[in-house]
Structures are given as C-alpha cells and as structure tokens.
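K.L.:
could you work out the structure for the sequence below:
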Amino acid sequence: MALEFDERPWGNYQVLDEGPGFKVKRITVHPGKRLSLQRHSRRDEHWIVVAGTGLATRDDETIELGPRDTLVIPNGAVHRLENPGAGPLVMIEVQHGDYLGEDDIVRIEDDFGRLGSK
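P.N.:
The predicted structure is shown next:
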C-alpha cells in the first residue's frame, strides 16, 4: 500500500497507517509556519511531538510543546499548531472518529487564504 504524502504551505504530512475509525499521520511544520485555526466535527486528534518545539492552541488555551509531549484535541475543539522554533517541528497525529477525510476541516483563520473546508 502506498502511503499518502501531501505538501502544504506550512510543511507536509504523510499517512503512516489507517483503518476503520483511525488514521496515523507524521506531520512536519516548517520554522515560523502554522496550520490554520480549525475544528473538526467527526474526529478527535492525539498529538505526540517527536522533534522540535511547538505552540498549540486548544480552545482558549495556549500550550507549549516539546519532544515527548502529548496533547488531546477533542472533537469540536478549535485548535492550531505552530512552529516558533528554528528547526522543523515533527509530530505524530492519531485521529479517531467515524469519518477521517480532509474535508472534515473547518478553517476559522488561515495564513494562506484557505478559509472554509479544504
């Protein structure tokens, strides 16, 4: 099975594994970049930082993340991940839910002009 790889303006992601109700991605965020402020209606996400430093937004919280730190993003939570560091931020994201398509993203703010769904 070929693994999905996608370049984005903020970095890239690669799907490492997926099955009924779950998907595992390796996400790399370039220095100084951030993902859109977004939410999902059909999945939870579990983040595990493996390299670099990150700044996560989860609803009204701002959370600093470093290697081995984890964060749960509950279904419906408004969230964002950014890389304030000088090197790449790499994390593993485990998604759980009844639908895991990229079109479950509702963007609230975006640095790259991609508001709405993917």
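
K.L.:
if I look at the closest residue to residue 22 other than its chain neighbours, how far off is residue 110?
P.N.:
Closest residue in space to residue 22, ignoring its immediate chain neighbours: residue 96 at 5.5 Å, by CB to CB, 6 or more residues apart in numbering. All C-beta atoms are positioned from the backbone trio N, CA, C, and that covers glycine. Residue 96 sits 25 Å away from residue 110, going by CB to CB, to the nearest Å.

K.L.:
these two: which is more packed in?
P.N.:
Neighbour totals were compared for residue 96 and residue 110, and residue 110 leads with 17 against 13 (other CB atoms under 10 Å).

K.L.:
OK, contacts around the closest residue to that one other than its chain neighbours?
P.N.:
Using CB to CB, 6+ apart and skipping the chain neighbours, the partner closest in space to residue 110 is residue 36 (4.0 Å). Residue 36 makes contacts with 80, 105, 107, 108, 109, 110, 111, 112, 114, as judged by CB atoms under 8 Å, 6 or more residues apart in numbering.

K.L.:
for the fourth one, give its distance to residue 36.
P.N.:
Here the criterion is CB to CB. By it, residue 108 lies 7 Å from residue 36.

K.L.:
ditto for the fifth one
P.N.:
Counting by CB to CB, the gap between residue 109 and residue 36 amounts to 6 Å.
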